[in-house]
Structure formats: C-alpha cells, structure tokens
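Peer 1: Please find the sequence and the predicted model below.
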Amino acid sequence: MKPNSPILNLSSDAALRLKAVIDTAIDGIITIDERGIVESVNLAAAKLFGFEEEEVVGNNISMLMPSPYREEHDAYLQRYMKTSKPHIIGIGREVEGKKKDGTVFPVRLAVSEVFLGEGRIFTGIVHDLTDVNKAEEKIRKLNTVLEIQNEELERKVGERTEKLASVVNQLLQTNNQLKKEVIERKEVEKALLKSEAELKELLEKEKELSELKSRFVSMASHEFRTPLSTILSSIELVEAYQKVEQLPKRKKHIERIKNTVSHLASILDDFLSLSRLEGEHIQPQPERFMFRHFCEDLVDEFKEQLKPGQTIEHLGINDEKDVYCDKNFLRHILHNLLSNASKYSAKEKCIHCTTEFDNGALGITIKDEGIGIPIEDQKHLFTRFFRAHNVENIKGSGLGLHIVRRYVELMNGAISFESYEGGGTTFHVNIPLAMAK
C-alpha cells in the first residue's frame, strides 16, 4: 500500500488487521483513486494478473485491461465523476482482464465506491471465470451430444413404430370406438345438466368408462407387447439362421411366429366382437339345424386346441332334435366357455360338457377342474377387460365372458356359475328356444 493510502489513515493496528484480511481473500481486491491510479492490490489479485504488488501500485488500472477497455477506462471514470451515472460501478458484470504475459482471460468484476473524507476510492473485487467458462463449455458440448443421442433414439423408435403399425391399426379401431363412446357420453352429460340425479348417474358412467379404458390400456400393453416382442425376436433369429443345417431352428421360430400371430388374431377377434355387440344393433338370425350334429362337430373341432392330455367328455341328453336359433351366437357361447375351461385347467385334466333340452329350453353346463375363481373377484367376472388376480400370468383379453353374456342376453337366456379357488368352475347357460317357422 502507498504511504498516503486512505486505508493507512486508520490506526496502525486496525490497518494491519484490515490488510491481513484483504491479503488472505480468495478473490482479487484492488483499490484505485479518482484518477484511476492503483492504491492497493491484494496477493490474490497480484497472483491472478501475474504481477508483483509493487509493479501495479501507483500505475493506472488500465494496465490490467486489454483493448478496447484500456483506452476507454479513463474517459469512463471522468464521465462518471461528472455525471454520477454508473456503467459498471455498483453493478457486477463479466469483463476481460490482461495478465502480465499478455494473456486475456474472463473475470467477474464488482466495483464499489467508498467516500473517505473529502475524497473517494473505488474498490474492485475480481473473480477468475476461466474454469467456470470451461465447465460451461463442457456442459454445452455434453448437451449437444445428448441432443444427437436423443435424435438417434427417436429415429430408432420411429423405425420400430413403423414395424408395429400394421397390427396396431386394428387395435386403433377398437380405441376409436372407445373415443366415440367418450364423445357420446359427454354429449349426454350436457343434455342432463338440469337434473342432479341424472347428472350423478352420468358421472358414474364416466367413472366406469375411465376404469375400462385403464384396463384396456393395461391389457393391450401386456397382451400385445409380449407377443410382438416374440415375433420380432423370432424374425431376427430366422434371418440369422441361413444355413441348411439350421433349418430345424428356423422352423421352430417360424412356428413360434405362427402361434403368436394366432394369439393376436384371437384377441383382435374379441375386440371386433365387442365392437359389433356394443356399437351395432345386432339381432339374432335364427335358423333350423340338427343340434346333436352341430354339437359333435364343435367338440371335435375344439379337441385340436386342448392342452396335452386334456379331454372333453360330452353328454347330450334328449338332444337329437332340430332347433331354431342363431347358430353363430350359440357357437360363440360354447367355444368361449370351452376355451376358458381348457385355458385355466392343467394338462391331463378333463372338461365336462353337458347339453340338455327341457321344457322348450336348451341347458348347457361346462365344468372344469382348473384353478377356480377367487371369491372377491367373482362379482366382476363379466365386466369388460376384467381378469381375476390369479390368472395374471395366463394369456387373455378379459373380454370372453363379457361377450358370452352379451350373446346369451341377445338370445333372451341367462348365465350363472359356481366356483372355488383351486376347486374348478362350472358355468350354466339356459336359452329358451322358439318354434321353427
């Protein structure tokens, strides 16, 4: 410090204490007078600029500035002395400093004004931003790399999406039907705003629809993603097995693809059946046919779908007669119930099917020896997309029994069941038969 520095006007002990604090500061601290002459510089500032303290003190502060700051500084200081309008004083900002060896580097500069008696000094606190700017540059480069990676990921996602488009299009048809239901229900809500009771009923229906959509999304996500992943992996393996001796492996994966596609087709059939049942006014189309022959053909046809060792025992009571009803509806009912009996039963188990005519009605009983239905899930059994908690690992859409009940209702019939978890399930269907014209 210069001998006439305002700081030294303090008591000797106070001045030494203040100088010790300034010299141990991490950031550079420089004081100048009203002419821009350096009065003091701490050790951090001297080291930052590469000068010794005595090389700086007594010189114009512009020696630590590169062009054009060097040339403009004195004029700026004089202009401030006259107008008191600050450009940097009292306002921190990023500027450039110049080392003794000529290196220009970024610094954060904060300047404050101190009045001492009739005079004043300016104190500048300087913080080196070199490392900070380097870190920011690294972050910018990293962000650029991440953007490139994101673009590549989006491209790959787009390619996979195109591969799945043909299957998803069929799924979208059902989804559009659900959207149509949402629009219709909203229109009904607007029409029923005048009635509180009707509004509550509508809100309950909206809640049910929301739950159905959640079940649909959950089921579709699981039931489509897994088979599609299987198809994709098998196709990749088929492409890899090009040699003649690898033909058995190729056939194995081609068979996997066929079975998976068959499963997907079955799910889509359920969706289409649901769409027709709930989106159109379907009425039974009765026809006259021999029931025993119909039933024997259906049972024989279904035997090919049984698990290894499973059997079907069919008992027809008084069934050798012509009936007059919708043959297609009846086929859907029997096929779905037999399919569930096989699906939820283990290998080597027997499925019991009894058909009986009594008092002008057809009675159907299908009993299995499978896993049964938990008591707490039985009240939801005919709900769309509902699946009991003990069948989560078994493939299914949760639509089969809902569709069966709809067909039974369209034929003015009734369906019931009894079941015990681990003790099998028995379904009873009763359908009144009209006289043939």
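Peer 2: Thanks, I have it.
Peer 1: The longest strand seen in the chain: which residues count as buried?
Peer 2: Scanning the chain for the strand with the most residues, using DSSP state E, yields strand 104-116. Judged by neighbour count (16 or more other C-beta atoms under 10 Å), strand 104-116 contains these buried residues: Val107, Leu109, Ala110, Val111. Just so you know, the C-beta spots here come from the backbone N, C-alpha and C atoms, and that holds for glycine as well.
Peer 1: Next, format the residues you listed as CSV and append distance to Leu172 and pLDDT.
Peer 2: Output for those, formatted as CSV (distance: C-beta to C-beta, whole Å; pLDDT from 0 to 100):
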residue, distance to Leu172, pLDDT
Val107, 60, 90
Leu109, 62, 86
Ala110, 61, 85
Val111, 66, 85
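Peer 1: wait, which of the residues you listed is closest to Ile32?
Peer 2: Comparing the buried residues of strand 104-116 against Ile32 with C-beta to C-beta places Val111 closest, at 9.3 Å.
Peer 1: returning to that earlier point: dump the next helix or strand after the longest strand of the chain to CSV, keeping only the CA atoms.
Peer 2: The C-terminal neighbour of strand 104-116 among helices and strands, as given by DSSP states H and E, is strand 119-128. C-alpha atoms of strand 119-128 as CSV (Å, rounded to 0.1, in the frame of the first residue of the first chain):
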residue,chain,number,x,y,z
GLY,A,119,-12.1,12.2,-1.3
ARG,A,120,-13.2,8.8,-2.5
ILE,A,121,-11.8,5.5,-3.7
PHE,A,122,-13.1,2.7,-5.9
THR,A,123,-12.8,-1.0,-4.8
GLY,A,124,-12.9,-3.7,-7.4
ILE,A,125,-13.4,-7.4,-6.5
VAL,A,126,-12.1,-9.7,-9.3
HIS,A,127,-13.1,-13.4,-9.7
ASP,A,128,-11.4,-15.5,-12.4
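Peer 1: Listing partners with orientation, what would you give for strand 119-128?
Peer 2: strand 28-32 (antiparallel), strand 104-116 (antiparallel) (DSSP bridges).
Peer 1: Redo these as JSON lines? Include distance to Thr174.
Peer 2: Formatted as JSON lines, the strands paired with strand 119-128 follow (distance: least, C-beta to C-beta, whole Å):
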{"stretch": "strand 28-32", "distance to Thr174": "71"}
{"stretch": "strand 104-116", "distance to Thr174": "61"}
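Peer 1: Show me the one of those that comes nearest Tyr241.
Peer 2: Across the strands paired with strand 119-128 (criterion: C-beta to C-beta), the nearest stretch is strand 104-116, sitting at 61.4 Å.
Peer 1: Relative to the whole chain's centre, how far out is the closest one?
Peer 2: 51 Å (C-alpha atoms, centre = their mean, to the nearest Å).
Peer 1: tell me the mean pLDDT over stretch 76-84?
Peer 2: Stretch 76-84 shows an average pLDDT of 75 in the prediction.
Peer 1: closest to Asn430 among the buried residues of strand 104-116?
Peer 2: Nearest to Asn430, judged by C-beta to C-beta, of those is Ala110 at 90.8 Å.
Peer 1: Leaving out sequence neighbours, find the closest residue to the closest one.
Peer 2: Gly92 (4.2 Å; C-beta to C-beta, 6 or more residues apart in numbering).
Peer 1: per-residue confidence at the one you found?
Peer 2: Predicted confidence (pLDDT) for Gly92: 71.
Peer 1: And Asn318, by the same measure?
Peer 2: Reported pLDDT at Asn318 in the predicted model: 82.
Peer 1: Against Lys349, how distant is it?
Peer 2: 28 Å (C-beta to C-beta, to the nearest Å).
Peer 1: Among these two, which residue is more densely surrounded?
Peer 2: In this view Asn318 and Lys349 are compared by other C-beta atoms under 10 Å, and Lys349 has more residues nearby, 18 against 11.
Peer 1: Thr93 touches Val107, doesn't it?
Peer 2: Check again: residue 93 is Arg, not Thr. No - counting by C-beta atoms under 8 Å, Arg93 does not reach Val107; the two are 9.8 Å apart.
Peer 1: quick one: which of the strands paired with strand 119-128 is nearest Thr426?
Peer 2: Closest to Thr426 of the strands paired with strand 119-128, according to C-beta to C-beta: strand 104-116, at 82.4 Å.
Peer 1: I'd assumed Glu181 was in a helix, is it?
Peer 2: Yes - assignment of Glu181 by DSSP: H, G, I helix; E, B strand; the rest coil places it within a helix.
Peer 1: what about it, how many residues close to it?
Peer 2: Using other C-beta under 10 Å, Glu181 has 16 neighbouring residues.
Peer 1: Same question for Ala135.
Peer 2: Burial of Ala135 is recorded as 11 neighbouring residues (other C-beta under 10 Å).
Peer 1: Distance from the helix or strand where it lies to the middle of the chain?
Peer 2: Per DSSP H and E: Ala135 is located in helix 130-191. Put simply, helix 130-191 sits 9 Å off its chain's centre (C-alpha atoms, centre = their mean).
Peer 1: Specify the angle between it and strand 104-116 in degrees.
Peer 2: Angle, helix 130-191 to strand 104-116, by axes from the mean of the first three to the mean of the last three C-alpha atoms, to 10 degrees: 90 degrees.
Peer 1: by contact count, what packs against helix 130-191?
Peer 2: Packing partners of helix 130-191 (3 or more C-beta pairs under 8 Å, 6 or more residues apart in numbering; DSSP states H and E): strand 104-116, helix 196-240, helix 247-279.
Peer 1: Sketch out the low-pLDDT regions of the stretch 101-250 of the chain for me.
Peer 2: The stretch 101-250 of the chain contains residues with pLDDT under 70 at 117, 168, 192-193, 195, 199, 205-232.
Peer 1: Near the closest residue to Ile26 other than its chain neighbours, how many other residues are there?
Peer 2: Spatial nearest neighbour of Ile26, chain neighbours left out: Ala44 (6.2 Å); criterion: C-beta to C-beta, 6+ apart. Neighbour count of Ala44, defined by other C-beta under 10 Å: 21.
Peer 1: Can you give me the neighbour number for Thr365?
Peer 2: Neighbour number of Thr365 under other C-beta under 10 Å is 16.
Peer 1: Could you chop this protein up by domain?
Peer 2: 6-128, 134-279, 287-432 (automatic domain parsing).
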